[in-house]
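Trainee: Quick one, what's the 3D model for this:
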Amino acid sequence: MVTLGSGPRGIVFAPISWGDACEWASEAIRLARAGHQVVTFDWSGDREKTVSEATRLLRERGARQVAWVGGCMGGTVMLGMAESSRQPPVGVAGISPLAVLGGAEAASGRRYRGELLVLGTADDPLADEKRLNEVARLFPSAELTVLPGELHAAEIFTGPHGDTARHSLDTFLGRAFTRVP
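Mentor: Take a look at the predicted model:
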């Protein structure tokens with residue numbers, strides 16, 4: 001696990017299934033510089049446990065509120081476990097999530113009532129607009145942002161619509177961190 005920043009607001013970044021701690025580096029650095037405490041990681045064998053341990057690490061370092069941001073597998077896992085987590089997040093952003101992926105089911109968390117964002121690109125070969133809508137329908141209160149293009153997960157933030165993606169993520173985090181813990 002890699003941690004950056006400090007403060008009472010924490011963000012856990014989870015990679016795609018074959019990703020690692022470096023996948024979200026540019027966003028993690030940007031948000032740490034903006035005053036957030038951030039952790040990103042390589043997956044262990046138990047994905048839910050990895051997210052829980054990252055959340056616990058941020059709380060041990062002083063984060064009073066924690067939001068989760070996950071790309072593809074990371075988003076699917078986080079959406080699915082948000083409701084049942086012993087340390088629930090104030091918000092979950094699924095970036096290119098799928099309804100079901102590698103044994104994880106986003107629908108498992110469908111009663112979660114924190115802030116929700118589903119963000120992706122219209123023509124992503126893995127998580128296109130149809131699949132993003134499928135996930136968003138599981139969470140009626142979720143904000144759905146579909147950008148043009150084919151980029152996937154963290155790639156979206158470095159592509160031609162990166163500014164729009166960052167604005168959407170920042171707006172989501174602003175809402176999430178104003179919730180009463």
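
Trainee: Poorly predicted segments of this structure, please.
Mentor: 180-181 (pLDDT under 70).

Trainee: Off-centre distance for the longest helix seen in it?
Mentor: The residue-count maximum for a helix in the chain (DSSP state H) belongs to helix 162-177. For helix 162-177, the separation from the chain centroid amounts to 11 Å (computed by Cα atoms, centre = their mean, to the nearest Å).

Trainee: elements contacting that helix?
Mentor: Using 3 or more Cβ pairs under 8 Å, 6 or more residues apart in numbering; DSSP states H and E as the contact test, the elements touching helix 162-177 are strand 9-14, helix 25-33, strand 65-71, strand 91-95, strand 115-121, strand 143-147. In short, each C-beta sits where N, CA and C put it, glycine included.

Trainee: can you pull the contacts of the residue most central in space within the chain?
Mentor: Centroid-nearest residue in the chain, with Cα atoms, centre = their mean: residue 69, separated by 1.5 Å. Residue 69 sits next to 11, 12, 13, 14, 24, 27, 75, 78, 92, 93, 95, 169 when contact means Cβ atoms under 8 Å, 6 or more residues apart in numbering.

Trainee: Quickly list what it is bridged to.
Mentor: residue 13, residue 93 (DSSP bridges).

Trainee: got a list of contacts for stretch 30-44?
Mentor: Under Cβ under 8 Å, 6+ apart, the answer for stretch 30-44 is 1-15, 17, 19-25, 28, 50, 53-54, 57-58, 61-63, 73, 166, 173.

Trainee: Which PyMOL command selects the buried ones in those residues?
Mentor: Command for PyMOL that selects the buried part of the contacts of stretch 30-44, burial taken from 16 or more other Cβ atoms under 10 Å:
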select buried, resi 2+3+4+5+7+9+10+11+12+13+14+15+19+21+23+24+28+50+53+54+57+58+63+73+166+173
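
Trainee: Tabulate the helices and strands packed on helix 162-177 in TSV, adding columns for distance to residue 107.
Mentor: As requested, the helices and strands packed on helix 162-177 are exported to TSV (distance: least, Cβ to Cβ, whole Å):
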stretch	distance to residue 107
strand 9-14	18
helix 25-33	26
strand 65-71	16
strand 91-95	12
strand 115-121	13
strand 143-147	16
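
Trainee: number of nearby residues for residue 60?
Mentor: Using other Cβ atoms under 10 Å, residue 60 is surrounded by 8 other residues.

Trainee: Also residue 46?
Mentor: Residue 46 has 10 neighbours, counted by other Cβ under 10 Å.

Trainee: ditto for residue 135
Mentor: Residue 135: 25 neighbours (other Cβ under 10 Å).

Trainee: contact partners of whatever helix or strand it lives in?
Mentor: For residue 135, the host element (DSSP states H and E) is helix 129-138. Defining contact as Cβ under 8 Å, 6+ apart, one finds that helix 129-138 is touched by 76, 79, 94, 96-99, 106-107, 110, 118-120, 122-123, 142, 144, 146.
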